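Novice: After the sequence you'll find the predicted model.
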Amino acid sequence: MEINELTPAERRVWEAFPRGDGVDFRAHPEDSSVDGADWGPERTLRAEVLRALLLGACPAEEGRVAGLKIKGARIVGKLDLRYAVVDHPIRLRDCWFERKPLMYGAQLRALVLGYSTLPGLTAATLRVDVVLRLSCCRITGPVRLAGARIAGGIFLQGAVIGPATGEEADEPPLQLNHVEVGTDIIANDLTVHGQLRLNGATVGGQISLDRARLLNPGAIALHAETLAVGTDLRADRLEARGTVNLTGVRIPGQVYFGRASFANPGGVALRASSCVVGEMWLRRCEPVQGTVSLRRSQFDLLHVEPRTWPDQIRVDGLTYRVLAPHLTAQERLPALEREESGYLPYAYEQLATAYRTVGDEAAARTVQLAKLRRHRRTLPRPARLWGLLQDLTVGYGYRPLRAAGWLLALLLTGALAYGTDPPRALKAGEAPDFNAVFYTIDLMLPIIGFGQEAAYAPSGWHQWLSYLLIVTGWVLATTTAAGVSRSLQRQ
């Protein structure tokens with residue numbers, strides 16, 4: 001391309017490129033690229049001219065770093081850099097693109113399109129040595145970055161992507177699946193009308209989605225299966241309309257959802273199954289609208305307030321070491337009743353283990369008692385009656401003071417009854433002196449013998465009282481022994 005074939009606007013860019021100087025076509029710094037379709041020829045550049053510069057039509061001046069640095073231009077035609085190797089940085093800020101740039105398989109130094117308006121971006125398997133910036137862009141079509149490798153970071157702060165229309169309406173607006181990012185993905189205040197796809201991505205640093213809005217009602221809003229992040233995934237004040245799918249993620253630091261909003265009524269709102277995460281935070285979140293699935297996940301710390309849980313949860317196989325904030329067992333137990341599969345013994349065992357980890361043995365015993373009561377509802381009627389008797393008498397062994405109370409009450413009853421009307425001796429002159437207290441103890445506790453029961457024989461209603469004391473004594477003894485056995489097994 002010859003310089004005499006260029007328009008005045010293109011000539012400015014052509015002359016600035018070898019020195020890496022910037023060209024600003026904006027009339028005012030507040031100009032918005034959204035209005036770029038109405039810009040005149042004084043701000044219009046042909047994409048083929050930019051392509052020619054990037055592919056070496058105008059070499060760099062000696063001692064300077066050539067580069068494309070443009071603000072406020074209207075770019076018409078197709079910027080086709082497919083499979084190109086470009087050694088110059090590309091900075092097209094506040095620009096309006098007539099057609100979507102094509103960068104499939106390209107190798108670039110840096111790509112900055114901040115505050116620009118584009119009908120889409122096709123850049124799957126792109127290679128960028130420094131950074132990719134799409135901050136505050138307005139992009140109506142799909143952003144295809146699947147398989148891209150970015151040595152630095154990806155910046156999407158304030159960008160608005162989608163909704164796509166026409167033949168692209170069913171395509172995810174933001175495709176970052178299987179990308180490899182050396183540092184961070186910063187997407188604070190991002191808005192995606194459709195699906196943000198991150199499945200299979202590898203990020204060396206953190207992902208930040210603070211105040212992001214992911215809007216795909218009735219479908220998947222964030223698809224991040226098997227995502228691997230080097231440090232943290234932050235999403236403070238996230239608004240998700242649709243499923244947030246984090247199945248199989250590996251994050252050694254935090255997954256932080258602070259004051260986030262999840263809504264997918266009638267479906268799964270948050271799926272974080274089979275994850276391995278250091279800390280999972282659902283802090284001060286609104287009540288989730290939809291199901292929460294945490295099946296088979298492993299968390300060192302799980303922070304969730306009871307009010308956050310929805311009506312249905314899935315926690316089969318969920319493992320956590322510490323549950324925060326530290327609340328009473330009575331506040332935590334109702335959530336286990338919401339398990340979609342019904343009674344899960346493991347869920348109660350896990351909650352009890354978490355209480356023991358922080359040294360709250362009383363809460364752990366309360367959870368174990370609740371587990372046995374919940375289990376009782378699944379048993380046949382005779383077994384339920386036996387369980388109810390154990391519960392009322394000694395709380396399945398987790399309420400030993402209750403057994404002591406029953407024993408004391410029975411002891412007083414027997415002592416008063418037999419003390420006022422002692423039973424007759426079986427062998428007169430050979431029986432030991434009668435003692436109403438020890439005679440009652442002999443009846444109630446079969447493993448202890450004071451020689452009173454064998455020497456005396458009650459009659460009338462006292463005999464029926466002795467039967468009652470023997471039966472209740474056996475019940476209290478066996479249930480107390482069972483409770484002690486469980487306690488020893490736990491230790």
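Specialist: Perfect, I can see it now.
Novice: which residues in the chain form helices?
Specialist: 8-16, 47-54, 329-336, 345-357, 361-376, 381-394, 400-420, 436-444, 461-490 (DSSP state H).
Novice: Go through these and name the closest to G147.
Specialist: helix 47-54 (21.9 Å; C-beta to C-beta). In this view, the C-beta of every residue, glycine as well, is placed from N, C-alpha and C.
Novice: Only the buried residues of the closest one, if you could.
Specialist: 47, 49-51, 53-54 (16 or more other C-beta atoms under 10 Å).
Novice: same thing with stretch 129-142?
Specialist: For stretch 129-142, using 16+ other C-beta under 10 Å, the buried residues are 129-142.
Novice: pLDDT and distance to L176 added to the residues you listed, as CSV?
Specialist: Shown next, in CSV, are these (pLDDT from 0 to 100; distance: C-beta to C-beta, whole Å):
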residue, pLDDT, distance to L176
D129, 96, 18
V130, 95, 18
V131, 96, 15
L132, 98, 10
R133, 98, 14
L134, 98, 11
S135, 97, 15
C136, 97, 18
C137, 98, 14
R138, 97, 18
I139, 97, 13
T140, 95, 18
G141, 95, 15
P142, 97, 11
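Novice: Which of those residues sits closest to G218?
Specialist: The closest of these, once distances to G218 are taken by C-beta to C-beta, is P142, at 19.5 Å.
Novice: Please tell me how far the closest residue to that closest one other than its chain neighbours sits from V249.
Specialist: Spatially, and ignoring its direct neighbours in sequence, P142 is nearest to E171 (4.8 Å; C-beta to C-beta, 6 or more residues apart in numbering). With distances taken as C-beta to C-beta, to the nearest Å, E171 is found 24 Å from V249.
Novice: tally of neighbours for W464?
Specialist: W464 sits with 10 neighbouring residues when counted by other C-beta atoms under 10 Å.
Novice: ditto for R74
Specialist: 23.
Novice: go on, R19?
Specialist: R19, neighbours per other C-beta under 10 Å, totals 15.
Novice: who's in contact with it?
Specialist: Counting by C-beta atoms under 8 Å, 6 or more residues apart in numbering, R19 makes contact with 60-61, 64, 66.
Novice: same thing with A164?
Specialist: 120, 140-142, 171, 173, 194.
Novice: what's the closest of those to K371?
Specialist: Nearest member of the contacts of A164 to K371, counting by C-beta to C-beta, is G194, at 43.5 Å.
Novice: okay, which residue is most central for this structure?
Specialist: Closest to where the C-alpha atoms of the chain average out (C-alpha atoms, centre = their mean) is A272, at 5.1 Å.
Novice: before we move on, the earlier item: show the backbone phi and psi for the residue nearest to P142.
Specialist: Torsion angles at E171 (phi, psi; degrees, to the nearest 10) stand at phi -90, psi 140.
Novice: who's more crowded, E171 and V249?
Specialist: V249 (24 against 16).
Novice: The more buried one and F299: what is the separation?
Specialist: 11 Å.
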